[in-house]
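In: Fold the following for me, if possible:
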Amino acid sequence: MADVWDREKVTSPGGEERSPLQQKLQRPKTRDCTTACWSFIKRQLSRVGDDWYFLFILGVLMALISFAMDFTVVKLFRAHRWLYEKLDGNGLLQYMAWIVYAVALTTFATGFSQCVSPQSGGSGIPELKTILTGVLLEEYLTMKTMVAKMVGLTCSLAAGSTIFLGKVGPFVHISSMIATYLGGIRTTVTRDYENKSKRYEMLVAAAAVGVASCFGAPISGVLFSVEVTSSHFAVRNYWRGFFAATCGAFMFRLLSVFNNEQETIIALFKTKFKVDFPFDLPETFIFIILGIICGILSCVYLFCQRRLVGYVRRNPFVQRFTATEKAVYSGVVTLLLASITFPAGLGQFMASRLTMKELLSSLFDHRPWGALSLNGSLDLHSRVDPDNLWVDWCHPTFTFYGTLLFFLFMKFWMLILATTLPMPAGYFMPVLIYGAVIGRIVGELMAFIFPNGIKSEGVLNPIIPGGYALAGAVAFSGAVTHTLSTALLVFELTGQIAHFLPVLLAVLVANAIAQKFQPSFYDGTIIVKKLPYLPRIRSTATGSYSVTVGQFMNTHLQCLAQDLSSTQLLQVLTSTSDPVYPVVESTESMVLVGSVQRSELINFLQNEAEQIKDNEKLQAKDEDMTKLEGRWRIDPVTFQLSPSTSLHQAHKLFELLVLQHTFVISAGRVVGYVTRAELKKVTEELANGRVPDTE
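Out: Take a look at the predicted model:
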């Protein structure tokens, strides 16, 4: 035995002999060191906070998705443009290439998205806005919806300016879905409970990342997402949004440099505005007038868009057709839009050969087109000249004034019609371009009236039409979305803030007009889709302070006494469908003890039924289990309303605390309850001039 032990001895590098027993004793030490190092790393990470890593991953993933989608869209569009230019001289083949490409992409986008997940259609911001109020919308934040959204959006964007759609809204939706998925992974890894507050914070940060990864604008991305999605915003969540948006924007710009699209990180729409004296003081009044024009046109646009979408959803024939043939509907609408935008036809009067980015770059040109058209050639080449994009706007006989006005008229109803397509698409970029066209018209008129510029203190300062296009883009898009951060967004896109004051004045005036007369684009979509969203009280003059909770609360409530029997409980559940029931001491005192969920009661009765089945003596078991006191979990009621609470206070509390319902207590007794349905109904009645009668 000793010989065997000696043969199994091992000589260590230091010359010492180790037996197998000593080797086994050495292994736990290595494992302990590894465990200790891993514990040290986890302690250090926990000190920093897992939110940082979560937000960093979210920003990087969204930047990669945005870059990959843009890369794919550019390749598809270049292939389509190459094919169209190669067919120069054959009008029929060019027309077929123009319309078949767009129709095929939009039909596939609609069919794929509706087949995989019908919830992937549209923008996604109205649904996210509803989710942030605490309402659970099924299937809107799932992985299959994200896949359908990404594939459908890529095809929608590849169709180009034919259907005139963007990607901001869908990217906010995609970012929210990725944040939800990462939140589930983090909860599994850290084994921490993800409460509603944490989920809300991450969804708000995800909305900021979605905007930032589209334009590479982190600051305006955070502010725009807050204005669009939140009625109330906690300042402590700013750092999450800014950190994630900065990571996403930086990675998006960095990928553009690596792909040789840019030499370094610069503005996406580089302008050459005069920085030392961009505008004169008298021009400020023209910018205010531009804001008024954009505000009025935005009201007309919002009204017509909401009416058309509502008509499409209510019309029996369209309903039956789109119920089973949504892809065919998208194909028919795209066929109409593509035929109108055909460059050899009416499209030559709308610069339809240009992409969305080229349209915006041409409108931000600082040079007056009137002077350029006098000194340059207006002959359209078979290929688009990236250095002279303005040529596509200057028709030899129609002039650029005619093309700009024709663009406004045609794109007004074409964009509204495109919003009815049941496929993933964004609507912010189109209204941004539409507003830039309005501003360009005003700027060119100013340049025509003052060809040498405006004289101030003996110095002639030339008119910069691109500055008016900048202000028009901000004013119209801000009025349509009811946001002010569009000003900062355009400044980050162009890299200049020379027109900061006039642009801010224009967007303020336009917003004041739009908010007075029309809901925002996203709120209008919520109204048309009838999403469970609580509308805001527009003005204190509507009587929201004089109307009290006692005038509109629901008094038909079923209270559960603590000594309720199983038979009585079953009768309550079968005769009502309330999701929550108040628990009182007794039906005589009606003193509130707490609340219980309907699902909790159903599970309780199911468990009782199983126990009764296992018992041989059913009647004896029923007699023993008659009283249910202490056998269910009663949730404490931490928030209550009084019948004298004003509607304005109740509305603010529901928004701030993300409440779904609350009980009304008078002298300790339960007298009614209020849900979002009652609040929504009374708010809409007040908006229509009807005041509830006092009971």
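In: can you give me phi and psi for residue 282?
Out: phi -60, psi -30 (degrees, to the nearest 10).
In: contacting residues around the nearest residue to it once chain neighbours are set aside?
Out: Spatial nearest neighbour of residue 282, chain neighbours left out: residue 454 (6.0 Å); criterion: Cβ to Cβ, 6 or more residues apart in numbering. In short, each C-beta sits where N, CA and C put it, glycine included. Contact partners of residue 454, counting by Cβ atoms under 8 Å, 6 or more residues apart in numbering, are 280, 282-283, 460-461, 463.
In: Those into JSON lines, with extra columns for secondary structure, distance to residue 642 and neighbour count?
Out: Output for those, formatted as JSON lines (DSSP: H, G, I helix; E, B strand; the rest coil; distance: Cβ to Cβ, whole Å; neighbours: other Cβ atoms under 10 Å):
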{"residue": "280", "secondary structure": "coil", "distance to residue 642": "58", "neighbour count": "19"}
{"residue": "282", "secondary structure": "coil", "distance to residue 642": "57", "neighbour count": "12"}
{"residue": "283", "secondary structure": "helix", "distance to residue 642": "55", "neighbour count": "24"}
{"residue": "460", "secondary structure": "strand", "distance to residue 642": "68", "neighbour count": "11"}
{"residue": "461", "secondary structure": "strand", "distance to residue 642": "63", "neighbour count": "21"}
{"residue": "463", "secondary structure": "coil", "distance to residue 642": "61", "neighbour count": "25"}
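In: any chance of those residues in TSV, plus distance to residue 360 and pLDDT?
Out: Formatted as TSV, the contacts of residue 454 follow (distance: Cβ to Cβ, whole Å; pLDDT from 0 to 100):
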residue	distance to residue 360	pLDDT
280	25	68
282	27	76
283	22	79
460	29	73
461	25	75
463	20	81
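In: nearest to residue 361, of those?
Out: For the contacts of residue 454, the minimum distance to residue 361 (Cβ to Cβ) is 19.5 Å, reached by residue 463.
In: Give me the pLDDT for the residue nearest to residue 282.
Out: Reported pLDDT at residue 454 in the predicted model: 75.
In: What residues are recorded as beta-bridge partners of it?
Out: residue 461 (DSSP bridges).
In: Distance-wise, check it relative to residue 441.
Out: 18 Å (Cβ to Cβ, to the nearest Å).
In: How about residue 479?
Out: For residue 479, the distance to residue 441 - Cβ to Cβ - is 17 Å.
In: out of these two, which sits in the more crowded spot?
Out: residue 479 (33 against 22; other Cβ atoms under 10 Å).
In: Pretty sure that one sits against residue 296.
Out: No. Contact criterion Cβ atoms under 8 Å: residue 479 and residue 296 do not qualify, at 9.1 Å.
In: intersection of neighbour lists for those two?
Out: Going by Cβ under 8 Å, 6+ apart, residues that sit against residue 479 and also against residue 296 are residue 513.
In: Name the nearest residue to residue 674, ignoring sequence neighbours.
Out: residue 553 (5.1 Å).
In: Contact partners for the one you found?
Out: 641, 643, 664, 671-674, 678.
In: hmm, back to that, I'd like the contacts of residue 454 as JSON lines, with distance to residue 129 appended.
Out: Compiled in JSON lines, the contacts of residue 454 are given as follows (distance: Cβ to Cβ, whole Å):
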{"residue": "280", "distance to residue 129": "41"}
{"residue": "282", "distance to residue 129": "41"}
{"residue": "283", "distance to residue 129": "37"}
{"residue": "460", "distance to residue 129": "49"}
{"residue": "461", "distance to residue 129": "44"}
{"residue": "463", "distance to residue 129": "40"}
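In: Go through those residues and say which is closest to residue 160.
Out: Proximity of the contacts of residue 454 to residue 160 (Cβ to Cβ) peaks at residue 463, which lies at 31.8 Å.
In: ok, back up a step: quick one, which of the contacts of residue 553 are buried?
Out: 641, 664, 671-674, 678 (16 or more other Cβ atoms under 10 Å).
In: Mind giving me the packing neighbours of the helix ranked longest in the chain?
Out: In the chain, taking DSSP state H as the definition, the longest helix is helix 50-86. Applying 3 or more Cβ pairs under 8 Å, 6 or more residues apart in numbering; DSSP states H and E, one finds that helix 50-86 contacts helix 91-116, helix 143-158, helix 168-190, helix 196-215, helix 238-258.
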